[in-house]
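Asker: Could you look at this predicted model? Sequence included:
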Protein chains: 2
Amino acid sequence: MSVTAALGFVAAGCHAGIKRRRPDLALLATDDGRPVTAVAVFTQNKFAAPPVLLDRARLAANGGKASAVIVNSGNANAGTGKAGLADAERMGQAAADALGVDPETVLVCSTGIIGTPLPMDVILKATPRLAKKLSREGAEDAARAILTTDKVAKQAVVRGSSFTLGGMAKGCGMIAPNMATMLAFLTTDAELPRDTLQRILADASDRTFNTLNVDGATSTNDTAMLFASGRRGKADPAEFADAVHKVCEELTLQMAKDAEGMTKMVMLKVTGAASDAEARTAAKNIAENNLVKCSWYGSDPYWGRLLGAAGSAGIDFDPDKSSVAYGGIIVSRAGTNVDHDADAVARHMKNEKIEIEVALGLGKGQAQVIGIDLGPGYIKENSKTS
Amino acid sequence: MSVTAALGFVAAGCHAGIKRRRPDLALLATDDGRPVTAVAVFTQNKFAAPPVLLDRARLAANGGKASAVIVNSGNANAGTGKAGLADAERMGQAAADALGVDPETVLVCSTGIIGTPLPMDVILKATPRLAKKLSREGAEDAARAILTTDKVAKQAVVRGSSFTLGGMAKGCGMIAPNMATMLAFLTTDAELPRDTLQRILADASDRTFNTLNVDGATSTNDTAMLFASGRRGKADPAEFADAVHKVCEELTLQMAKDAEGMTKMVMLKVTGAASDAEARTAAKNIAENNLVKCSWYGSDPYWGRLLGAAGSAGIDFDPDKSSVAYGGIIVSRAGTNVDHDADAVARHMKNEKIEIEVALGLGKGQAQVIGIDLGPGYIKENSKTS
């Protein structure tokens, strides 16, 4: 039941007609229409989409409360200017009307193509029908309705000692797949202060969603939300933070596995950097380097490209102190080739999940990201959209 | 005759056996064995290859003089450590011996795969034979011998009022094609102070070579060199700077046209930025964005992706003040779609050379880069190398 596993939430999904055939409108709401504590993290992109602008303003104005979020796929309502903001408001209003709740407690998310107005007629028409379908069993439908180029729905649940936490997500990373966006919705029946929830969500996002790098692009619509009904009372913050991390991590791995054109998922670790920040910079530079990504697609342990990307990342770097390992097997030390079991490396490179460690030998800084290879599938997904 | 068009230079190229069949060893030298003024710009990558380290040290130690440069393709002599540095020295020594010149005046360049030792035996064996072939007519052979995955040789000549300037180059950009590197060699018979030559070369490189962005990767071996024999005496610095700019620009366009997998070359202009530096950052972020690059491959005028990339570039950006034009036709204003002649835009997108302007509406900063689309050809070139 993922997003309705926690007490107090219902969900639904349907086909409104934004996309030709696949489900495209989802609703997640409290089961009694009352607002609950809600926190969110949003894209850092300055070309943020109207629904992001609306949600940011709403959560700031109402003190972090929400009774529902309505989500459409197939159209990002981005690059739509003032009319787009009015559309996002109308979409929220339609959900509020159907649910009989204050529109100031309704959040709105969109994902899909950029630059085309939302087809408001079909959305407004479908919303009352969608609201009638709300149920705890509707989680699966909701999880499917938020997908764009995703092949499968992403859902996860963790049951804590005194609470349940569930979540659903769509997208392929840090991100910007073809249809632009990562969305994640988490619900819990735990009761925790808003500030604590915000910190836990931001921290977990940073260590999970933000480590997935499909193509280095930052979407206009990225959003992760966490709703807490408090139905089961106070929870231990540490245990709860751990649960949020687990759910986000699980959703991240599901997104990586479903990344556009993905044939290899690379757990890339940079260690021995001068600082954690430098390790993150190096890892990002390596994971976004197209030559590196192509070598992953080709199952080619071309360590020289990894060091070339690290050397141009603008961080402290000394090839003489570096080493590179694929699947735990060191292939390069001091910036040059070392004897190694090439057959074992070749076998590791055939896996869908590859492990690479670039050790810089300079300090204690480290970071891990999930990189995705660059193959023809990605180009096919992204070269024709209009 | 490109690199031998100016008085005082001879060149040659041959097949030494580093690559299976194509020419792979080139020599460019003064025609009388005497050193001339030489300046160079090198890769900023901290994983710089041994030949780059050698040349940097040599030009610093000898006050900016060179009598020859020996260049091999097929192997970058990068990621080869101390042994690689010794190999670069032996390669320079072989050329010095064959030419009867001081080895401290011989420069060395390599381009090709990373992480594999240079096959010194074939290089040492071929060098004396190569030196015997040196002639003014050898420029074409030299230009061909420095190529890796390039399909055609890149050469240009400008004749000034009192001097001639010629050049040859290989590679595909800012760069790192499969075989890692952009190399450019310019020669002139003008006489100008070393500092002036250095400034002119650095400035021209910045405005030409460094604006070509094939994949955002910075090679371990990038090098541009300018040799000035002074045979025809002093030249007007302004006229000469203009000539260097023209030759570098011409070589850059030839490299763009030959970029790996290229089907579209995009003249991308960012205007109205808060500063030139911010314009360059925005242009780089856009040109390296894989979603943008895929849309170019698909001839898709997907302006939302351009603004999405600009919005996440970390620069001042306000969608409300922006506009985007393809081929001079404005398709977006204030971050949203505007009515335009879509057929005319579609026709423009069918060209091999596309013009895009992203106007930020904030200040007077501007920059232009040459972007390359991302299609299956690039992946094919770069996914299998070993």
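Answerer: Yes, it's here. Computed from a predicted structure; not experimentally measured.
Asker: Name the nearest residue to the closest residue to chain B within the stretch 101-250 of chain A, ignoring sequence neighbours.
Answerer: Relative to chain B, the nearest point of the stretch 101-250 of chain A is A:Ile114 (2.9 Å; C-beta to the nearest C-beta). C-betas here are computed from N, CA, C, even on glycine. Once flanking residues are discounted, A:Ile114 sits nearest to B:Gly304: 2.9 Å by C-beta to C-beta, 6 or more residues apart in numbering or on different chains.
Asker: Where does that neighbour sit, in terms of helix or strand?
Answerer: B:Gly304 is located in helix B:303-311, with elements delineated by DSSP states H and E.
Asker: hey, C-alpha coordinates of that helix in CSV?
Answerer: What follows is helix B:303-311, C-alpha atoms only, in CSV (Å, rounded to 0.1, in the frame of the first residue of the first chain):
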residue,chain,number,x,y,z
TRP,B,303,13.6,25.7,-25.5
GLY,B,304,12.4,24.6,-22.1
ARG,B,305,15.5,22.4,-21.7
LEU,B,306,17.8,25.4,-22.6
LEU,B,307,16.2,27.5,-19.8
GLY,B,308,16.2,24.5,-17.4
ALA,B,309,20.0,24.2,-18.0
ALA,B,310,20.5,28.0,-17.6
GLY,B,311,18.4,28.0,-14.4
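Asker: what pLDDT, on average, does the helix or strand encompassing A:Asp203 get?
Answerer: Using DSSP H and E, A:Asp203 sits within helix A:194-207. Rounded to a whole number, the mean pLDDT of helix A:194-207 is 93.
Asker: Nearest spatial neighbour of A:Thr196, chain-adjacent residues omitted?
Answerer: Sequence neighbours aside, A:Pro237 is the residue nearest to A:Thr196 in space, at 5.6 Å (criterion: C-beta to C-beta, 6+ apart).
Asker: surely the one you found meets A:Asp195?
Answerer: No: using C-beta atoms under 8 Å, A:Pro237 is not in contact with A:Asp195, being 10.7 Å away.
Asker: of those two, who's got more company?
Answerer: A:Pro237 (15 against 10; other C-beta atoms under 10 Å in any protein chain shown).
Asker: confidence score at that one?
Answerer: Model confidence at A:Pro237 (pLDDT) stands at 96.
Asker: so what are the domain limits for chain A?
Answerer: Annotated domains of chain A cover A:2-257, A:265-382 [automatic domain parsing].
Asker: which residues touch the residue nearest to A:Arg34 when sequence neighbours are not counted?
Answerer: Sequence neighbours aside, A:Ser67 is the residue nearest to A:Arg34 in space, at 6.4 Å (criterion: C-beta to C-beta, 6+ apart). By C-beta atoms under 8 Å, 6 or more residues apart in numbering or on different chains, the residues touching A:Ser67 are A:Ala29, A:Thr30, A:Gly33, A:Arg34, A:Pro35, A:Val36, A:Leu99, A:Val101, A:Asp102, A:Thr105, A:Val106.
Asker: can you check A:Leu201 too?
Answerer: Contacts of A:Leu201 (C-beta under 8 Å, 6+ apart): A:Val39, A:Ala40, A:Val41, A:Leu186, A:Ala224, A:Leu226, A:Val244.
Asker: Quick check: the two most widely separated of those?
Answerer: A:Ala40 and A:Val244 (13.1 Å; C-beta to C-beta).
Asker: Find the residues that touch each one of the two.
Answerer: Both A:Ala40 and A:Val244 are in contact with A:Leu201, A:Leu226, where contact means C-beta under 8 Å, 6+ apart.
Asker: Between the two, point out the one with more neighbours.
Answerer: Higher neighbour count among A:Ala40 and A:Val244: A:Ala40, with 26 against 23, using other C-beta under 10 Å.
Asker: and the residue lying closest to the more buried one once chain neighbours are set aside, what does it touch?
Answerer: Take A:Ala40 and drop its neighbours on the chain: the residue closest to it by C-beta to C-beta, 6+ apart is A:Met225, 4.4 Å away. Contact analysis of A:Met225 by C-beta under 8 Å, 6+ apart lists A:Ala38, A:Val39, A:Ala40, A:Ala66, A:Val69, A:Leu107, A:Cys109, A:Ala184, A:Phe185, A:Leu186.
Asker: surely the third one meets A:Asp55?
Answerer: If I follow you right, that is A:Ala40. Yes: counting by C-beta under 8 Å, A:Ala40 touches A:Asp55, with 6.4 Å between them.
Asker: any common contacting residues for these two?
Answerer: In contact with both A:Ala40 and A:Asp55: A:Leu107, A:Thr223, using C-beta under 8 Å, 6+ apart.
Asker: which of the residues in the helix holding A:Asp203 are buried?
Answerer: By 16 or more other C-beta atoms under 10 Å in any protein chain shown, the buried positions in helix A:194-207 come out as A:Thr196, A:Leu197, A:Gln198, A:Ile200, A:Leu201, A:Ala202, A:Ala204, A:Ser205.
Asker: How about stretch A:85-93?
Answerer: Those would be A:Leu85, A:Asp87, A:Ala88, A:Glu89, A:Arg90, A:Met91, A:Gly92, A:Gln93, for stretch A:85-93 by 16+ other C-beta under 10 Å.
Asker: Pipe the residues you listed into JSON lines and attach pLDDT, distance to B:Val270 and secondary structure per row.
Answerer: What follows is these, written out as JSON lines (pLDDT from 0 to 100; distance: C-beta to C-beta, whole Å; DSSP: H, G, I helix; E, B strand; the rest coil):
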{"residue": "A:Leu85", "pLDDT": "97", "distance to B:Val270": "26", "secondary structure": "helix"}
{"residue": "A:Asp87", "pLDDT": "98", "distance to B:Val270": "29", "secondary structure": "helix"}
{"residue": "A:Ala88", "pLDDT": "98", "distance to B:Val270": "29", "secondary structure": "helix"}
{"residue": "A:Glu89", "pLDDT": "98", "distance to B:Val270": "33", "secondary structure": "helix"}
{"residue": "A:Arg90", "pLDDT": "98", "distance to B:Val270": "35", "secondary structure": "helix"}
{"residue": "A:Met91", "pLDDT": "98", "distance to B:Val270": "34", "secondary structure": "helix"}
{"residue": "A:Gly92", "pLDDT": "98", "distance to B:Val270": "35", "secondary structure": "helix"}
{"residue": "A:Gln93", "pLDDT": "98", "distance to B:Val270": "38", "secondary structure": "helix"}
